[in-house]
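Trainee: Predicted structure and sequence below. I'll ask about it afterward.
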Amino acid sequence: ISHQAIESFALTVKEIAQMLQSFGTELAETELPDDMYSIERILALRTEKYYQLKEDITAVTKEGNLLLSSFEEPDSGECSQDQHHERPGDWETVNRLLGQLHEMETAFDGFWEKHQLKMEQYLQLWKFEQSFQEVKNAIEFLMGQQAELPDTGDSVPQVKQRLKDLGHFDGMAQDLIGKAQVVILHGHQLAANHHYALNLICQQCNELRHHSDVLCDEIKRKQMRLQKTLDLHMRLQQALQCCDEGAYLLANQQMDKCQSKEGAQKALQDIERFLESSSAYLNYDPQALHYDFESVLTSELKCQIQSVQVKLENVRSMFENRQSCFKKLLDKHVRPVQLVAPRPENPPRSKSPLFSPKHVTSCTSSQGFPFLFQIEVMHDYQEKRNSLQSFISDSDDNLDILKGHVINELIETERVYVEELFTVLTGYRAEMDNPAMLILMPPVLRNRKDVLFGNMPEIYDFHNKIFLHSLESCLGAPERVGFCFLDRREDFQMYEKYCQNKPRSESLWRQCSESTFFQECQRKLEHKLGLDSYLLKPVQRLTKYQLLLKELLKYSTSCDGVQELQEALVAMLDLLKSVNDSMHQISITGYDGDLSELGKVLMQGSFSVWTGHRKGPTKMKDLARFKPMQRHLFLYEKALVFCKKREEHGDGYDKTSSYSFKHFLKMNAVGITENVKGDHRKFEIWYSGREEVYVVQAQTVDLKMAWLNEIRKILFKQQELIKGTFGQFLLKLRFISFFQSFRKQQRASISSEENDSERTSPVMPDSGLPSPQNKPHRSWPGMSQSLEICEGLEEWSGNQYLSNCSDTEEEDGNQLSPGKYKALADCKRRGSEDLLVKNGDEIQLLHEDGEGQWLVKNLNRRKEGWIPVHSLQIVVGDCRFRNAKVTGI
């Protein structure tokens, strides 16, 4: 039995040894994963297995100790002599096995301790490297962003904004550098605990410290450069302000009071006091500026310094000339020849700060339109600048000086304009999204900032990011001013959208102008004027451009860029006209359709209109009304719209105007007669071969010619639009209609006692040929053939009839009759998005209800539906297609 127990114990010890060896092999050969969670999981499982093996070793040791004690206890005497001799050998065997087991346990404990330490250090290293990589990537990202931050600027507001942005960026960098310090401290702790990767940890700590120092130093360098650039801009700005104040002083000296000795002495004293108080600025040394700010000078800043220096020299020269003049008066003690300054165009005004709007003139249109175009009048410095020309000759150098003054004013006022837009957007518009201000905001104002401010953010972005920089590039190259406006003329169309929204904005402002919200915003901004004054800034700026361009053109008679400057002035004047026209268009009411489908509004204005018509197959002379209708005409690219102006009476802002739609003529069937007997302001607009004739009287001959020129452009432009067989048919038909009316006119003119010279444009827009009245000695090609065709179509065209544009009729237009027609445009079913008629379809008009709706049957698509009469006139076209058989087209 003892031998069996010993063999069993020896076998158990052997199994323990194999288990320890297998566990050690597993620890040595198993690859560790890449994530911290898996590593910690493996370490926990191995620790659990270690303690399990320890429990197994303890159990086996206990078993061996029991077996060993059994050999040492005294026996009952039943054992044989041989057994007494075997016990010492068995005891030694068990004792030896226990010793081996103890050695294995000691070696296993030492191995496990080293392994566990290495695993824990590996985890520490993994966490440290992860933190190191995150902070390093964040620092490198900030370094990339920092590299994109500019360290200079072209104006005071721009440099201040960049300093503010850099300060915000520096705050983020300091937070990140703090995190880097924590990682470095962690690395130092690992190194102090004799981590096995000591060299790697120290290297990464040094790398983080280097990146942090570089980022911090670069931000400080840019802050110093921007601050120095700001100091330079402030000096230049002070010098420019001093120049403006000096020029203003000279311009406001009343020369008639300076003819006496006392007056000259006082004026000379004023000049000397100004020169003494401004000597620090007027005597700027450009070399000293270059030396003091050499480290931050860019080509743009050098140009600005040069421009300021030129202006300083000009102002010093003007002061020297004026001092010389007054000193001569004092020396001679005689009355000199009186120097007469050019009389200003506007009445004299009191002194006001430079570069600020002093007088705002509210200009309403001749039609009393409710929207007020606010025009900023040129300030005293601009108006009295002419008085300096008493002492300046017309040489090229002096013209350059005056031109430089205008360019400086253009740029400075542009900077002020951009700054004002910025304060409005941040101080008012952004505050509408501020939760703290929500309680002060009236309910009618919430979620309506796009109505109140329109597209002002778009205007600000354009001027701040593009146009201001373009103008500033003209400081050293004044010939480029015209190019700046021409290159961006399309961008200025955004002002049309702003002005069209202005009535809605004013209406919303009137509802809540007294609210606490606006008062609080104005208090924070320290504005003396309310928001409504700043909402007018875009309109005022738009009118100011053309005034400055006119002034600049006056001093650019013979130099580069004059042609572009003239084109820029025309472009800005056209833009003002387009904006004004579009403002009238939005008040048209009663038009059953989309006005945008008629194209761009080209002109608008009020006229006296007489109308004539004929009905039935018999052609009659045009009937003229003794009392003209007052109509407001809108000329679009595709149609001429007749409206009646309606006044809604009220006081102040409540007084509004609207235009009630009456009638429209498609431009592809319009003709004009330029001269009408009796009044040079009259002209004829006729439609569809003189089936409709409108005698239109403008207020002036110039206005009449402007409208005729614009209509003529439309007619000639349509040449390119009519192509193919159908276009040729229209061409022939319009020639027929024209010659038919022309032959009647000639017969009537032979018997007339007074034969006025008329110039007539035929209804066909696809012909650029002059009329036969304009070329009496040249005949029309193919005239006889056209007259023969005309006779053949006499019956076909005789069924046309027209309605009269009457003041008593609220809905005018061509009368329609049941029959088959050829569709000339697409049209949807009433109250549906379903397309009932497509261009080219054959349709039949069945009957009309009492509300101006026609039941239309599409013979090609076998559909029926109701279509409004105005839409149907567009689909069917003019009268010549009515009651015509489709097979004949």
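Mentor: Right, received. Where do you want to start? Because the structure is a prediction, the values reported are computed rather than measured.
Trainee: Does residue 645 lie in a helix or a strand, and which?
Mentor: For residue 645, the element it lies in under DSSP states H and E is strand 639-648.
Trainee: actually residue 481, not the one I typed
Mentor: Going by DSSP H and E, residue 481 is part of helix 481-487.
Trainee: what comes up buried for that helix?
Mentor: 481, 482, 483, 484, 485 (16 or more other CB atoms under 10 Å). Where you see a C-beta, it was placed from the backbone N, CA and C, and this is true even at glycine.
Trainee: Tell me which stretches of the stretch 551-700 of the chain form strands.
Mentor: Applying DSSP state E, counting those that start in this stretch to the stretch 551-700 of the chain gives strands spanning 588-589, 601-613, 629-636, 639-648, 656-666, 670-673, 682-687, 692-697.
Trainee: Then the stretch 301-450 of the chain?
Mentor: Counting by DSSP E, counting those that start in this stretch, the stretch 301-450 of the chain has these strands, from start to end: 360-363, 373-376.
Trainee: Go through this structure and flag its longest helix.
Mentor: helix 81-148 (DSSP state H).
Trainee: tell me which strands and helices the helix holding residue 481 is in contact with?
Mentor: Contact analysis of helix 481-487 by 3 or more CB pairs under 8 Å, 6 or more residues apart in numbering; DSSP states H and E lists helix 468-472, helix 537-554, helix 562-585 as its packing neighbours.
Trainee: ok, now with 6 Å
Mentor: helix 562-585 (3 or more CB pairs under 6 Å, 6 or more residues apart in numbering; DSSP states H and E).
Trainee: For the helix it packs on, give me every contacting residue.
Mentor: Contacts to helix 562-585, defined as CB atoms under 6 Å, 6 or more residues apart in numbering, come from residues 371, 482-483, 485-486, 489, 492, 496, 499-500, 545-546, 549, 553, 556, 601, 604.
Trainee: what inclination does that helix have with respect to strand 639-648?
Mentor: 60 degrees (axes from the mean of the first three to the mean of the last three CA atoms, to 10 degrees).
Trainee: how about helix 562-585 as CSV, C-alpha atoms only?
Mentor: Only the C-alpha atoms of helix 562-585 are listed here, as CSV (Å, rounded to 0.1, in the frame of the first residue of the first chain):
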residue,chain,number,x,y,z
VAL,A,562,-10.9,106.4,-68.6
GLN,A,563,-13.0,104.1,-70.9
GLU,A,564,-13.4,101.5,-68.2
LEU,A,565,-14.3,104.3,-65.7
GLN,A,566,-17.0,105.6,-68.0
GLU,A,567,-18.4,102.0,-68.5
ALA,A,568,-18.4,101.5,-64.7
LEU,A,569,-20.4,104.7,-64.2
VAL,A,570,-22.9,103.6,-66.8
ALA,A,571,-23.1,100.1,-65.2
MET,A,572,-23.8,101.6,-61.8
LEU,A,573,-26.5,104.0,-63.2
ASP,A,574,-28.1,101.1,-65.0
LEU,A,575,-28.1,99.1,-61.8
LEU,A,576,-29.8,101.9,-60.0
LYS,A,577,-32.4,102.1,-62.7
SER,A,578,-32.9,98.3,-62.7
VAL,A,579,-33.3,98.3,-58.9
ASN,A,580,-35.9,101.1,-59.2
ASP,A,581,-37.8,99.3,-61.9
SER,A,582,-37.9,96.1,-60.0
MET,A,583,-39.2,97.9,-56.9
HIS,A,584,-42.2,99.0,-59.0
GLN,A,585,-42.7,95.6,-60.5
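Trainee: Quick check: the gap between residue 510 and residue 221.
Mentor: Separation of residue 510 from residue 221 (CB to CB, to the nearest Å): 52 Å.
Trainee: try residue 551
Mentor: In terms of CB to CB, residue 551 sits 43 Å off from residue 221.
Trainee: Settle it for me: which of these two has more neighbours?
Mentor: The neighbour count for residue 551 versus residue 221, taken as other CB atoms under 10 Å, is higher for residue 551 (19 against 11).
Trainee: What's the local residue count around the nearest residue to the more buried one once chain neighbours are set aside?
Mentor: Closest residue in space to residue 551, ignoring its immediate chain neighbours: residue 406 at 5.1 Å, by CB to CB, 6 or more residues apart in numbering. Close neighbours of residue 406, defined as other CB under 10 Å, add up to 22.
Trainee: from now on call the first residue 661
Mentor: Okay, residue one is now 661; in that scheme the one you just asked about reads as residue 1066.
Trainee: Could I get the pLDDT score of residue 1066?
Mentor: Per-residue pLDDT puts residue 1066 at 85.
Trainee: and if you look at residue 1371?
Mentor: 92.
Trainee: ok, now residue 1052?
Mentor: 41.
Trainee: so what are the domain limits for this structure?
Mentor: 663-731+749-792, 914-990, 1057-1245, 1247-1274+1288-1307+1316-1385, 1479-1536 (the TED database).
Trainee: The strand holding residue 1305 pairs with which strands?
Mentor: Paired strands of strand 1299-1308, with direction, are strand 1289-1296 (antiparallel), strand 1316-1326 (antiparallel) (DSSP bridges).
Trainee: before we move on, the earlier item: I'd like the distance between the residue nearest to residue 1211 and residue 1152.
Mentor: Between residue 1066 and residue 1152 the computed distance is 20 Å (CB to CB).
Trainee: Name the residues of stretch 1248-1264 that are buried.
Mentor: So stretch 1248-1264, judged by 16+ other CB under 10 Å, has buried residues 1248, 1251, 1255, 1258, 1261, 1262, 1263, 1264.
Trainee: again with stretch 857-866
Mentor: 857, 861, 864, 865.
Trainee: Repeat that for stretch 838-855.
Mentor: Those would be 839, 840, 843, 844, 846, 847, 850, 855, for stretch 838-855 by 16+ other CB under 10 Å.
Trainee: between the helix or strand residue 908 falls within and helix 741-808, how many degrees?
Mentor: Under the criterion of DSSP H and E, residue 908 resides in helix 858-911. Between helix 858-911 and helix 741-808, the angle comes out at 20 degrees (the same axes, to 10 degrees).
Trainee: what's helix 858-911 packed up against?
Mentor: Short answer (3+ CB pairs under 6 Å, 6+ apart): helix 858-911 packs on helix 741-808, helix 816-852, helix 939-942, helix 959-992.
Trainee: now do 8 Å
Mentor: Helices and strands touching helix 858-911, by 3+ CB pairs under 8 Å, 6+ apart, are helix 741-808, helix 816-852, helix 921-937, helix 939-942, helix 959-992, helix 1040-1043, helix 1056-1084.
Trainee: how about the ones you listed, which one is nearest residue 1348?
Mentor: helix 1056-1084 (50.6 Å; CB to CB).
Trainee: and the angle from that closest one to helix 1197-1214?
Mentor: Using the same axes, to 10 degrees: helix 1056-1084 against helix 1197-1214 is 170 degrees.
Trainee: buried sites along helix 1056-1084?
Mentor: So for helix 1056-1084, counting by 16+ other CB under 10 Å, buried means 1058-1078, 1080-1081, 1084.
Trainee: Centre of the chain to it, how far?
Mentor: Distance of helix 1056-1084 from the chain centroid (CA atoms, centre = their mean, to the nearest Å) equals 22 Å.
Trainee: before we move on, what about stretch 1231-1238?
Mentor: 19 Å.
Trainee: List the buried residues in that stretch.
Mentor: Here stretch 1231-1238 shows 1231, 1232, 1235, 1236, 1238 as buried, counting by 16+ other CB under 10 Å.
Trainee: what about the last one, distance to residue 1205?
Mentor: Same thing as residue 1238. For residue 1238, the distance to residue 1205 (CB to CB) stands at 14 Å.
Trainee: still on that earlier bit, what about the helix holding residue 908, average pLDDT?
Mentor: 88.
Trainee: again, but for stretch 1269-1289
Mentor: On average, the pLDDT along stretch 1269-1289 is 59.
Trainee: and if you look at stretch 1170-1187?
Mentor: What stretch 1170-1187 shows for mean pLDDT is 90.
Trainee: Count the residues that sit near the nearest residue to residue 765 once chain neighbours are set aside.
Mentor: In this structure, residue 765 finds its nearest non-sequential neighbour in residue 717, 5.0 Å apart by CB to CB, 6+ apart. Per other CB under 10 Å, the neighbour tally for residue 717 reads 20.
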